[in-house]
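Novice: Sequence and predicted structure are below.
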Amino acid sequence: MHAPTQPLRTDRRTRSLAGRAALAAAGVIGLLAVSACGAADTGSGDSKSISLHTPSWVGAEVNTAVASYLLEHELGYEVKTQQMDETPAWDAMSQGKIDAILEDWGHPQEEKRYVEGNKTIVSAGGLGVTGHIGWFVPKYLADQHPDITDYKNLNKYADVLKTPESGSQGQFIKGDPSYVSHDNALIKNLDLNYKPIEAGAEATHLAQLEQLYKNEKPFLTYWWTPQWMNATMDLVEVKLPPYKDGCDADKNAVACAYPEVPLKKWMNADFAKEDSDAAKFLKNFNWTTEQQNLVAKYVAADKMTPEKAAEKWVKENESTWKAWLPKK
């Protein structure tokens, strides 16, 4: 939902876990309007409005949906959302065009430039969700060939996984091309007899896997957590060489697994300095992978709008979100 410019990646989601035609359409979050109380002043004297980033994957979209709903209905803000890829979002946040990013899978270059360098962006704490990217096969394939879950044995099964698109090689299904990944380098550097085939946008990727899984066809794919479809597909991760700090520094030389990534939130520094109710709320916003996946399922599987999905979750989980509100 993933997933990642990344969900991961040395620029990472790759997921830049995990959300991401049906998912994208379901995930568009428009301008949220509020009542006249939204015209009140913040402590800094500015009108009570806030601009949030909306990524392209559904898991991260529902972060924005839930935060927007609470900012609007509990704190009286006007919330504007902007959907864009991850790296441009960092650029926009540094310029004050958006106030916050609620799910980041790790962008070390941007952190160096904007956090450590010109100090236009500051941390807003952890989201509470840990993201991970990897290579996965369906459990029914792993049950038939238990050793396929170790990359050292993948070449044994290239014939099982070959398709008309991959020719004489096994097929590796890549993720959304906007997600940074190490897969081409991994296949080359691990000397694997596989051809990486791009599935297209995330919605196309998920639809393809759903169809393959339904028909119990063999496949090897780029995948991530958090991802709501993990509740409907039983996938098993393929063991890659263990991740070590710096092993993915040279994108062309990567020969290791993707890391576990505690997902982070970031804010424009000037916005954070205002210490407004919105800034306090966003710093407090913290939920679990299971909670995010549930709201993502409402959107992607149950076809609810992000706003309605957020409303449903908020009404049923007051004890969780009450703790996010600024103390009176």
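Specialist: Sure thing, it's come through.
Novice: Partner strands of the strand ranked longest in the chain and their direction?
Specialist: In the chain, taking DSSP state E as the definition, the longest strand is strand 121-138. Sheet pairing of strand 121-138 (DSSP bridges) gives strand 221-225 (antiparallel), strand 235-238 (antiparallel), strand 260-268 (antiparallel).
Novice: Would you format these as CSV with mean pLDDT included?
Specialist: Below are the strands paired with strand 121-138 laid out as CSV (pLDDT from 0 to 100):
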stretch, mean pLDDT
strand 221-225, 94
strand 235-238, 98
strand 260-268, 95
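Novice: most tightly surrounded among the ones you listed?
Specialist: Among those, strand 221-225 has the highest mean neighbour count (mean count of other CB atoms under 10 Å), at a mean of 28. The C-beta positions use only the backbone N, C-alpha and C, and glycine is treated the same way.
Novice: and that one, how far out from the chain's middle?
Specialist: Distance, stretch centre to chain centre, for strand 221-225: 11 Å (CA atoms, centre = their mean, to the nearest Å).
Novice: swap in stretch 133-143?
Specialist: 20 Å.
Novice: for it, which positions count as buried?
Specialist: 133-138, 141-142 (16 or more other CB atoms under 10 Å).
Novice: Kindly check the end-to-end length of that stretch for me.
Specialist: 22 Å (CA to CA, to the nearest Å).
Novice: So for it, mean pLDDT?
Specialist: Computed over stretch 133-143, the mean pLDDT rounds to 98.
Novice: can you give me the helices in the chain?
Specialist: With DSSP state H, the ranges of helices along the chain come out as 22-27, 58-73, 86-94, 108-110, 139-144, 158-161, 183-189, 202-214, 269-274, 277-284, 289-300, 306-316, 318-321.
Novice: The longest strand of the chain vs helix 58-73, what angle?
Specialist: Put simply, strand 121-138 runs at 140 degrees to helix 58-73, going by axes from the mean of the first three to the mean of the last three CA atoms, to 10 degrees.
Novice: angle of strand 121-138 against helix 202-214?
Specialist: Using the same axes, to 10 degrees, strand 121-138 lies at 30 degrees relative to helix 202-214.
Novice: Show me where the stretch 51-200 of the chain dips below the pLDDT cut-off.
Specialist: 180 (pLDDT under 70).
Novice: tell me the domain boundaries of the chain?
Specialist: 22-131+261-324, 132-260 (automatic domain parsing).
Novice: Now stretch 114-127 - C-alpha only, CSV.
Specialist: C-alpha atoms of stretch 114-127 as CSV (Å, rounded to 0.1, in the frame of the first residue of the first chain):
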residue,chain,number,x,y,z
TYR,A,114,16.3,20.4,4.3
VAL,A,115,16.6,19.1,7.9
GLU,A,116,20.4,19.2,8.5
GLY,A,117,21.2,21.9,5.9
ASN,A,118,18.8,24.8,5.6
LYS,A,119,16.7,23.7,8.5
THR,A,120,13.4,24.4,6.7
ILE,A,121,11.9,21.0,7.7
VAL,A,122,11.8,19.4,11.2
SER,A,123,10.7,16.0,12.5
ALA,A,124,7.1,15.6,13.7
GLY,A,125,7.8,12.2,15.3
GLY,A,126,7.0,8.6,14.3
LEU,A,127,3.7,7.5,12.7
